[in-house]
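Student: my questions are about this predicted structure, shown below with the sequence.
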Amino acid sequence: MAIFIDNDTRLVVQGITGRDGAFHAQQMQEYGTNLVAGVTPGKGGQTFTDGPEPVPIFDTVEQAVREAGANTSVIYVPPMFAADAIMEAAEAGVELIVAITEGIPVLDLTRVYPFVQERGARLLGPNCPGALSPGKAKVGIMPGQIVTEGPVGVVSRSGTLTYELVYLLTQAGIGQTTCIGIGGDPIIGTNFIDTLQAFEADPETKAVVMIGEIGGTDEQEAAAFVTAEMSKPVVGFIAGQTAPPGRRMGHAGAIISGSAGTAEEKMQAFEDNGIAVMKRPSDVVELVRSAL
Amino acid sequence: MAIFIDNDTRLVVQGITGRDGAFHAQQMQEYGTNLVAGVTPGKGGQTFTDGPEPVPIFDTVEQAVREAGANTSVIYVPPMFAADAIMEAAEAGVELIVAITEGIPVLDLTRVYPFVQERGARLLGPNCPGALSPGKAKVGIMPGQIVTEGPVGVVSRSGTLTYELVYLLTQAGIGQTTCIGIGGDPIIGTNFIDTLQAFEADPETKAVVMIGEIGGTDEQEAAAFVTAEMSKPVVGFIAGQTAPPGRRMGHAGAIISGSAGTAEEKMQAFEDNGIAVMKRPSDVVELVRSAL
Amino acid sequence: MNIHEYQAKDIFRDCGLPVPPGEVATTPEDARRLAEQYGGTVVVKAQVHVGGRGKAGGVKLAENPGEAMEHAANILGMDIKGLTVEQVLVTPAEDIDTEAYVGVIVDRASKRPVFMVSREGGVDIEEVAARSPEAITRLAVDPRYGLLPFQAYWLAASLYDDIKQQRAAAKTMMSLYDAFIQSGASLAEINPLITTPAGEVKAIDAKMNIDDNELFRRGAIAAMRDLSAEPPSETKAREADLTYIKLDGDIGAVVNGAGLAMATMDLIKFYGGEPANFLDIGGSSSPDKVIAALEIITSDPAVKVILFNIFGGITRCDDVANGIVTALDRINFELPLVIRLTGTNEEEGVRILEQAGISASTSMDEVVQRAVVVARGE
Amino acid sequence: MNIHEYQAKDIFRDCGLPVPPGEVATTPEDARRLAEQYGGTVVVKAQVHVGGRGKAGGVKLAENPGEAMEHAANILGMDIKGLTVEQVLVTPAEDIDTEAYVGVIVDRASKRPVFMVSREGGVDIEEVAARSPEAITRLAVDPRYGLLPFQAYWLAASLYDDIKQQRAAAKTMMSLYDAFIQSGASLAEINPLITTPAGEVKAIDAKMNIDDNELFRRGAIAAMRDLSAEPPSETKAREADLTYIKLDGDIGAVVNGAGLAMATMDLIKFYGGEPANFLDIGGSSSPDKVIAALEIITSDPAVKVILFNIFGGITRCDDVANGIVTALDRINFELPLVIRLTGTNEEEGVRILEQAGISASTSMDEVVQRAVVVARGE
């Protein structure tokens, strides 16, 4: 078992002929993901051949769903077209939409989110590294070589920081059910609670690593959720203890407003709700080991 | 029993201090409708005293719901404010919104309709005479003196033509459960099928009079619904047999487009689905009597 | 409200649609001057609110300014389906490779604006719909989001195979939707949307109908109304907030409510009479409306009898009665009146009429039959 | 991106908000001329991207043009929280009866624009929120519909009791929402929205933050960026599509990914060091970014060591390695480099570095500890 993506995932890559899209389409296919289609308007009828198996390219996601049976989409198109690409996927009936693109205007997301919700689809991201279920499927940009199968669910607002922690686990012989990057933007489709819920319901996940950062109150709410709804142990990390207030730390969502959204506040919420807090990334191995 | 409005109706009048609003608020209260509030922005705190009982006036519908327990609203505000008034009522939690106003831009309705739907409310109209459940409640502008209690449900796209037929029934001693005017605009909140469904479910309604007119295909679809879903007899009338094509016959919705929406087409659909068709309004008495 | 092709094209151009240049001429000399200005072959097109201009000889190609002047001289003043041509549009002729149809309407069933596009353009879309419905691609726009770029592309891809033309057409769809919404339209149509041999996409005809209910908030569009394109009686009715449609019979009817007005016309016909008009004095009433209604009807020389059929709801019978009495004072007419008055404030209304020496019935069937008899002069 | 008060007011005015006149002066003489032009008492207000201007002496009343010139002379060049005042806004002083607060932000929790309004204006809204949260009325706007008139009225009615002021405030809310959406703002604020003794409603201060991600499609607003209001290193970083925030320490860090960059700063501190900056080279990478990053960091004289912490995902380790090698060729610096490189194309990256004689680690913990040691000069 795994969450969100697994062996039933039938993936379409939106923006498959772009530099990043092509590179990661190849990587995902090499990892073993069932890549069934690519989409680039105007290139319908061509074939994507960078990966181990040829993949048909369509003009629209609707065609990719109808003709290739895609149920999951991953988006690598530039920010100005990304909101539209997400809505196109939702309208076409895609169930899981993973938006890698960074830099989508937040007001676009205020419209994209209800559009996706109305169609019963799940949006992961934007500005996220995607999802990786070791041994089953890789959707997004997480490096396949840093994961291994095992009992730990990982959920994070960050990209590379997630790799860091996952790789430490893998090197220590602790594998993962699924690694989920929920994205660093202020408005995202799937949040910590949604993901924790899925991990709680997944029988193979025995413990969860939750990686947060400054800004907002998602981590605090997730911590309360852990107490209220979760039976599985959770280990947590918060990035940005040394971040100055009022500055946007790379991620549009990583900003301390006034006295709200600080790392201290979040770490306190973790501790108050029985979540073991790492002081540094390398603590992850010991804390997870004792949680399992 | 009755449909949509009855003794549980707690009515708020939006636009109660206008000429039409005040007149009909008084009429509705005199009929025995439970009028609990009026709304006119800027006149909150005043009292409406034209009717038999004083009624508090509020600035907003939200206050009328919260402080006076209104569950039904009727709207008499001018066209340029009417769409907003409907949305305000829906947002405030009103369950049934009756929009009397004529002349609301149809594009406004394309936005109003989903807004009302999302909130689980029912919109009756716009450009409709409202509803009247004889002996229970009167919401809108139908004259109270032309109805009487009895077993016939009446549903119509028209206003005064409905009164005509209802009055003929009343004069012949045939009473009504509820008379519903669904409105003459191209986009309306509650259509023939919605109303027929309610009449079918109402144990006291034994027969239904359906009064259509040229334009659109609502009557044709309703006719098919009668065959498919209704056990009760239906008697029908279509206005506009002599209307020239391409002209808007008063109602924005009453227009024959090309060869579609003619009276002939609709009368044929009625006949094909076992609905007894009146040739002239005065035939209603005989046809309903034989249906009962 | 209908607007002319050239007016629709002005709106389209403002919204960024690819509409070739064009200006309107009211004299043959103006047409010549415009043809000179554009150079090359131009099209001279009658501006009337009616379809089938081409078949009626209202659209002509002119290879030079002299020919343009000649055609304009022929077309201006021409009668097309009862309407006189007062203006012609002069516009450069385009080389046409393909012709497609693009339209947006407000759809009753989906309660949304709906796009209809087809590779078969330049012909009557209703014919296409009847003959080969699969040739039309439909898309309902969610007005909460507007037309989304991917939807515009889906529509465009159903018209063209070339990516450049798809992109141009998608942009055209977006602009057309803007024009539709910004104008408060009930219909906006490009027929045909052409491609040229050079591959360009252009809108060479334009049609728009505006929702009358939008005009109060769209002054610039309301000002586009061409009074010369409708009978003066209808103009007068509109200004008095009545709905009046002239017909060919001799029984003038004043009714409150569109459904009852139609039913009254139907019943006149049923009893062997012929209605002279459809006239709805509407919901909320005032005596002034009744006066205006009587003025309009009495100005139609064919009318032999005036039938009032009033069932009071929001309209009050006393208002109507006051209107009738005031009108009889103010305007001079000899026509017999047959009046039916019932519903809200019926007693007061009947009393007001009786005080003025006018009798009123309460039965619709009865008054219609009487009006038919009176019209026959029996 | 922050914009100045006068720029926000220009946007507000264009959207129909009731903003009194006002112009910006860069010299005392300009300020005098403006004060003369407006007549009466004016306010001279420092234009800087920081709160608390008033307390710092950056906002002064001037009863005549001479006084305006004097105040401008004092304020221009003034240092407020590290920023030099380059411009002052001169605007007529208003008589104030009441002061309210009106703001719109993008709210993470509801995923919508949220209005916050309060009868307590002219003060820090965060203080009001902390002290008496019930004094703030909040309303989340559904972006599919926009702010609806009845919602604007609900907000307005929470601020004022008089119907004229309610209507004026409701109109102001609608216009503010337009300004917010049209500008791609993440915050738009009127503090205070005043009423005058004559009962008028006016916006006498204005604040807007623009979502950086909107700037690509809003040229006019992007052009409002005031480069004098930010350190040149941050300007350079932005132009190279990097995120750079200068801090006070001596360990310059180049990291890919915001979370990892923050964690790197945190870990430097954990091991007793002090980060000189936050620097995220972002997701999609190119060698040029690495070069720009090195140029920016080496221009900070406080930096004693440069730490690379790269975990390849969409960033490829070979790109980063190429960037480092190219940068070392192109720019001259003596600072020690501590490099960690792992993830996508790790082998290639490490090989490229090794060919250039540079060694790389794969452990974050290890490189951070080493950088701290190097910075200490041990």
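Tutor: It's in. Residues are numbered from 1 along each chain as shown, chains lettered A, B, ... in the order given.
Student: my read: A:Val98 touches A:Ile141, true?
Tutor: No. The pair A:Val98 / A:Ile141 is not scored as a contact, 9.7 Å apart, by Cβ atoms under 8 Å. Every residue, glycine included, has its C-beta placed from N, CA and C.
Student: could you check which of these two is surrounded by more residues?
Tutor: Taking other Cβ atoms under 10 Å in any protein chain shown, A:Val98 and A:Ile141 do not tie; A:Val98 has more neighbours (34 against 30).
Student: interface residues of chain C facing chain D?
Tutor: C:144-145 (Cβ under 8 Å from any Cβ of the partner chain).
Student: so where does C:Glu120 fall, helix or strand?
Tutor: Using DSSP states H and E, C:Glu120 is not contained in any helix or strand.
Student: which residues do A:Val98 and A:Ile141 both contact?
Tutor: A:Gly130 (Cβ atoms under 8 Å, 6 or more residues apart in numbering or on different chains).
Student: so who does the residue positioned nearest the centre of chain A touch?
Tutor: When chain A is reduced to its mean C-alpha position, the nearest residue by Cα atoms, centre = their mean turns out to be A:Gly181, at 2.8 Å. Each residue near A:Gly181 by Cβ under 8 Å, 6+ apart is listed here: A:124-125, A:128-131, A:140, A:142, A:156-159, A:162.
Student: right, and chain A sits closest to which residue of chain C?
Tutor: When scored by Cβ to the nearest Cβ, chain C has C:Ile163 as its residue closest to chain A, at 3.1 Å.
Student: give me the element the nearest residue to that residue once chain neighbours are set aside is part of.
Tutor: Distances taken as Cβ to Cβ, 6 or more residues apart in numbering or on different chains place A:Gly42 nearest to C:Ile163, at 3.1 Å, with adjacent residues excluded. Counting by DSSP H and E, no helix or strand carries A:Gly42.
Student: for chain B, see how far away A:Gly42 is.
Tutor: 32 Å (Cβ to the nearest Cβ, to the nearest Å).
Student: residues near that residue, how many?
Tutor: When neighbours are counted by other Cβ under 10 Å, A:Gly42 registers 17.
Student: may I have the secondary structure class of the residue lying farthest from the centre of chain A?
Tutor: Residue farthest from the centre of chain A, counting by Cα atoms, centre = their mean, is A:Gly45 at 30.3 Å. Look at A:Gly45: counting by DSSP: H, G, I helix; E, B strand; the rest coil, its state is coil.
Student: correct me if wrong: it contacts A:Ile57.
Tutor: Yes. Applying Cβ under 8 Å, one finds A:Gly45 in contact with A:Ile57, separated by 7.1 Å.
Student: circling back: in helices, which of the contacts of A:Gly181 appear?
Tutor: Counted as lying in helices by DSSP state H, out of the contacts of A:Gly181, are A:Thr162.
Student: low-confidence ranges, chain C, go.
Tutor: For chain C, the stretches with pLDDT under 70 are C:283-285, C:378.
Student: measure the nearest residue to A:Thr49 once chain neighbours are set aside to A:Met28 for me?
Tutor: Spatially, and ignoring its direct neighbours in sequence, A:Thr49 is nearest to A:Val55 (7.9 Å; Cβ to Cβ, 6+ apart). Between A:Val55 and A:Met28 the computed distance is 10 Å (Cβ to Cβ, to the nearest Å).
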